[in-house]
Each structure stands twice: as C-alpha cells, then as structure tokens.
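Asks: Provide a 3D model corresponding to the input given below.
(one chain, ligands or ions: 1)
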Amino acid sequence: MTEQADGDPEGPDPTAGRQRGSTRPAPGPAPRRVASIRDVAAGAGVSVGTVSNVLNAPERVAPATAERVQAVIEELGYVRNEAARQLRAGTSLSLGFVVLDVGNPFFTDVARGAQEVSQTAGLSVVLGTSDQDPAKEAAYLDLFEQQRVAGVLLTPVQTDAAMVARVARRTVPVVLVDHRGDDPRVSSVAVDDVAGGAMAVQHLLDLGHRRIAMVGTPSVHVVAARLEGARRAVAGQPGATLELVDTDSFTVPAGRSAARTLLRRPRAERPEAVFAANDMLAVGCQQAFAVQGSGAGEPHRIALIGYDDVELASVTSVPLSSVRQPREEIGRTAVRLLLEQIADPAAPRQHPVFTPELVVRESTTSGVPVWG
Ligand code: RIB
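Replies: Purely as a prediction, here's the structure:
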C-alpha cells in the first residue's frame with residue numbers, strides 16, 4: 001500500500017489571506033468554521049492526498065491509516081467540498097429540469113420520478129419554471145449551461161422544428177419531456193394525449209351526455225392534442241356537441257373562472273358535462289360549481305373529468321374522474337435516456353410514448369352538484 005500526495009483536491013484555502021487581528025469589535029460568536037481537508041490531514045498526521053485517497057480510492061491506503069483518517073473526519077465533522085470538486089471536474093453533479101409550472105403537481109410528480117433515477121447516478125435535480133414563456137425557458141437553459149449541469153430535461157413551451165433545432169445545438173445534453181417527437185438528434189418522452197382526450201370524452205358520451213364543454217387552452221401542444229382527441233370522440237356520436245372554454249393557464253383559479261362563465265347561462269344552456277384539460281382546472285370548476293347561488297333551488301349536476309390524476313384528484317369533495325398520466329415513470333424514463341446520452345453522446349435517440357389510463361370516480365358517475 002502506498003500513500004501518495006495528490007496535490008490539493010479542494011483548491012486554495014478559503015481562509016487564506018484573511019485580515020487577522022481585525023480592529024473591529026467582535027461581531028458576536030464567531031461562526032463555526034467548516035473543517036477542511038487540510039484540518040483532517042493535520043489531525044491524522046497524513047498528507048492531504050492521503051485523505052483524498054481515503055475518500056476516493058480507499059484501496060490505495062493502508063487500513064490502519066484509513067481508520068485513523070476516518071476517525072478524524074468524524075471527530076471534525078468534515079464534509080467534502082462538492083462544489084470545488086465539480087468545479088475541477090468541469091461539470092456539476094446536477095441535472096436541470098425546466099417545467100412549464102412548478103406549481104402544478106404534475107411536474108413535481110415527474111420530478112420525483114426523475115430524482116429516483118438521478119440519485120442512483122449521484123446527481124441532483126434542479127427545477128426551473130418557464131411559466132409558458134419562451135424567454136424564461138431560454139434563460140434557464142442558458143443558466144444551466146453556464147452552471148455546467150450534466151444534462152437538462154425540458155418541457156418545451158413551443159413544439160416546432162425550430163425549437164428542436166435550438167435544443168439540438170445546445171452544448172448540454174437535453175431530453176424533451178411531455179413532448180411527442182421523432183427527431184434523430186433529440187430524445188423525447190411523451191404520452192398519447194390524443195388518445196387521452198378521446199378517452200375522457202368517450203367516457204362522458206358513454207354516460208349519455210351530449211352537450212360537452214372542454215376547459216383549457218390549446219396554446220399548449222399537449223392540450224391541443226387532447227382537444228383533437230375530444231373532437232374525434234364527439235364526431236363519432238350523432239347529436240353530440242363540443243365547445244371550448246379557453247383559459248389563460250392551467251391553475252385552480254383559471255378553472256373557477258371558466259366554470260363561472262358556464263354558470264352565467266340559463267341551466268338549459270349549460271353543458272351536461274365538462275372535460276377539464278388538467279386536474280387543477282377541474283378542481284377550480286368543482287369549486288365554482290359548489291358555490292351556492294342566492295335562492296338557488298335544488299342543485300342540478302354536471303359530469304366533470306380532469307386529466308393527470310394527481311393525488312389531489314382522489315381527495316376533492318366529489319372525487320374526480322381523470323385520465324392518469326404515468327408521471328413518475330415519465331420522469332424516470334427521461335433521466336434514463338439523459339444518462340445514456342451523457343455516457344455516450346452518440347447513443348441513438350429514443351422517443352417513447354406512454355398510453356394514459358381512464359380513472360372513473362364520482363365526479364362523472366354521479367356528477368358534481370351545481371348550485372345556482
Ligand atoms: O402543463 C399543463 C398540463 O400539461 C399539465 O397539467 C399536464 O397535463 C401536462 O401534460
């Protein structure tokens with residue numbers, strides 16, 4: 001066994017060159033100085049390189065020495081300086097994940113799946129939210145590149161070929177999430193949203209509903225696909241109609257506002273059923289429906305279905321029917337593709353598409369009571 005000095009693995013001593021014996025009054029209890037690798041080496045009577053070997057290549061250190069060093073590490077509470085190591089290595093031990101809205105549990109569920117796989121590779125996941133703004137998206141992609149993240153997951157605001165070309169030109173590996181693509185330069189992970197939209201509306205048609213409203217904005221490509229599926233289902237049912245109530249976002253307040261638009265109509269002109277483009281919109285609709293109008297008689301009922309099947313869907317006052325997306329699996333799959341590309345930049349790009357699943361609960365089988 002040999003002990004070798006491998007130089008200073010943490011870079012210059014951050015405390016070096018500090019003004020000693022400052023004339024200013026002591027600012028209160030001095031913050032506890034973080035033990036450095038040099039403190040560990042001094043405490044164990046070995047070189048800095050030997051401490052580095054104990055941490056990174058223990059097979060190169062005599063067991064008795066390694067034991068002595070580990071004892072000093074524990075005594076001093078030393079924690080390795082990953083930031084310095086990453087700076088030296090040229091890439092950080094992080095993945096960036098740009099989502100459309102970090103307030104939407106769909107994305108945090110996808111991020112949970114992503115983290116399950118990334119941490120097996122010793123990588124963390126750093127979230128950024130574009131709020132459906134291409135400029136914010138570009139700013140986060142630039143920031144992640146400057147931070148030398150190992151790779152990036154991106155739910156893109158735009159879906160055109162120009163977006164894919166821009167992503168392909170990035171120096172950092174990128175995998176598109178919640179995007180249906182086939183570009184040989186960029187991997188993507190998607191769900192068949194046309195099938196999902198058709199599934200949601202066919203369920204309402206099968207319950208006998210004919211006047212159907214869809215709530216959401218097709219300005220986001222996955223919702224445009226859901227709308228296409230909804231239209232195909234309605235086209236197959238004589239006498240059925242579908243109207244779109246556009247929204248400016250996918251939040252609970254946007255759902256409430258859309259539902260209030262419908263409630264301003266006489267009951268006979270309201271839809272019999274509502275397909276909300278995601279569960280947050282559906283929760284907002286349900287909240288607006290539940291508000292008791294002044295002097296309202298008996299409530300009537302509207303069937304309501306959402307999309308994503310986030311945890312909230314099953315615990316709303318009237319449990320929500322929804323179209324389940326395999327959120328954690330989307331995240332796991334996206335990171336697996338990204339890790340393959342990081343390991344081998346020439347790895348063939350892949351474009352898996354998951355099939356969503358209908359989840360039926362009371363909000364369609366019994367409908368949601370609508371007061372007013
Ligand atoms: O971002 C809006 C919606 O698109 C999310 O709720 C999820 O359904 C995603 O696919």
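Asks: what pairs with Val189 across the strands?
Replies: Val177 (DSSP bridges).
Asks: just checking, it touches Arg180?
Replies: No - checked against C-beta atoms under 8 Å, the pair Val189 and Arg180 is beyond contact range at 9.2 Å. From N, CA and C alone the C-beta is placed, and that goes for glycine too.
Asks: now do the shared contacts for those two.
Replies: Common neighbours of Val189 and Arg180 (criterion: C-beta atoms under 8 Å, 6 or more residues apart in numbering): His351.
Asks: more crowded one of the two?
Replies: With neighbours defined as other C-beta atoms under 10 Å, Val189 and Arg180 compare such that Val189 has more, 29 against 18.
Asks: residues contacting that one?
Replies: 175-179, 330, 333-334, 337, 351-352, 354 are the contacts of Val189 under C-beta under 8 Å, 6+ apart.
Asks: using ChimeraX, define a selection of the buried residues within the residues you listed.
Replies: Filtering the contacts of Val189 down to the buried ones (16 or more other C-beta atoms under 10 Å) takes a single ChimeraX command:
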select :175,176,177,178,179,330,333,334,337,351,354
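Asks: of the contacts of Val189, which belong to strands?
Replies: Per DSSP state E, strands hold the following members of the contacts of Val189: 175-177, 354.
Asks: re earlier: possible to save the contacts of Val189 as JSON lines with distance to Ala225?
Replies: Below are these laid out as JSON lines (distance: C-beta to C-beta, whole Å):
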{"residue": "Val175", "distance to Ala225": "19"}
{"residue": "Leu176", "distance to Ala225": "15"}
{"residue": "Val177", "distance to Ala225": "15"}
{"residue": "Asp178", "distance to Ala225": "11"}
{"residue": "His179", "distance to Ala225": "11"}
{"residue": "Ile330", "distance to Ala225": "15"}
{"residue": "Thr333", "distance to Ala225": "19"}
{"residue": "Ala334", "distance to Ala225": "18"}
{"residue": "Leu337", "distance to Ala225": "21"}
{"residue": "His351", "distance to Ala225": "15"}
{"residue": "Pro352", "distance to Ala225": "16"}
{"residue": "Phe354", "distance to Ala225": "13"}
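Asks: quick check, nearest of the contacts of Val189 to the ligand?
Replies: Asp178 (4.8 Å; C-beta to the nearest ligand atom).
Asks: name the helix or strand of this protein that has the lowest mean pLDDT.
Replies: None of the helices or strands of the chain scores lower by mean pLDDT, DSSP states H and E than helix 82-89, at a mean of 66.
Asks: who are the packing partners of the very next helix or strand once past it?
Replies: Counting by DSSP states H and E, the element after helix 82-89 in chain order, helix or strand, is strand 94-99. Helices and strands touching strand 94-99, by 3 or more C-beta pairs under 8 Å, 6 or more residues apart in numbering; DSSP states H and E, are helix 105-118, strand 124-129, helix 134-146, strand 151-154.
Asks: strand 94-99 - which strands sit beside it in the sheet, and in what orientation?
Replies: strand 124-129 (parallel), strand 151-154 (parallel).
Asks: between the ones you listed, which gets nearest to the ligand?
Replies: Closest among the strands paired with strand 94-99, using C-beta to the nearest ligand atom: strand 124-129, at 10.6 Å.
Asks: what's that closest one in contact with?
Replies: Counting by C-beta under 8 Å, 6+ apart, 93-103, 107, 111, 114-115, 118, 136, 140, 143-144, 149, 153, 335 sit against strand 124-129.
Asks: wouldn't Arg80 be in contact with Val54 here?
Replies: No - Arg80 is beyond contact range of Val54, at 10.8 Å (criterion: C-beta under 8 Å).
Asks: the more surrounded of the two?
Replies: Shown here are Arg80 and Val54; by other C-beta under 10 Å, Val54 has more neighbours (23 against 16).
Asks: look at the more buried one and give its secondary structure.
Replies: The three-state assignment at Val54 reads helix, by DSSP: H, G, I helix; E, B strand; the rest coil.
Asks: now do the contacts for the closest residue to it other than its chain neighbours.
Replies: Of all residues not flanking Val54 in the chain, Val69 sits nearest, at 4.5 Å (C-beta to C-beta, 6 or more residues apart in numbering). Contact analysis of Val69 by C-beta under 8 Å, 6+ apart lists 40, 44, 46, 50-51, 54, 61.
Asks: rerun at 10 Å
Replies: Contact analysis of Val69 by C-beta atoms under 10 Å, 6 or more residues apart in numbering lists 40-41, 43-46, 50-51, 53-55, 58, 61, 78.
Asks: so how far is Ala62 from it?
Replies: Separation of Val69 from Ala62 (C-beta to C-beta, to the nearest Å): 10 Å.
Asks: ok so, going back, out of the helices and strands packed on strand 94-99, nearest to Pro184?
Replies: Using C-beta to C-beta as the measure, strand 151-154 is the one of these that comes nearest Pro184, at 17.4 Å.
Asks: and the longest helix along the chain, what other elements does it pack with?
Replies: If you go by DSSP state H, the chain has its longest helix at helix 327-343. Here helix 327-343 touches strand 94-99, helix 105-118, strand 151-154, strand 174-177, strand 187-191, strand 353-354, going by 3 or more C-beta pairs under 10 Å, 6 or more residues apart in numbering; DSSP states H and E.
Asks: apply 7 Å and report the result again.
Replies: helix 105-118, strand 151-154, strand 174-177, strand 187-191 (3 or more C-beta pairs under 7 Å, 6 or more residues apart in numbering; DSSP states H and E).
Asks: got the buried residues for that helix?
Replies: Those would be 327-342, for helix 327-343 by 16+ other C-beta under 10 Å.
Asks: for Gly331, what are its contacts?
Replies: Counting by C-beta atoms under 7 Å, 6 or more residues apart in numbering, Gly331 makes contact with 110-114.
Asks: what comes up buried for stretch 49-65?
Replies: 49-55, 60-61, 65.
Asks: which one of the residues you listed is nearest the ligand?
Replies: Leu55 (42.0 Å).
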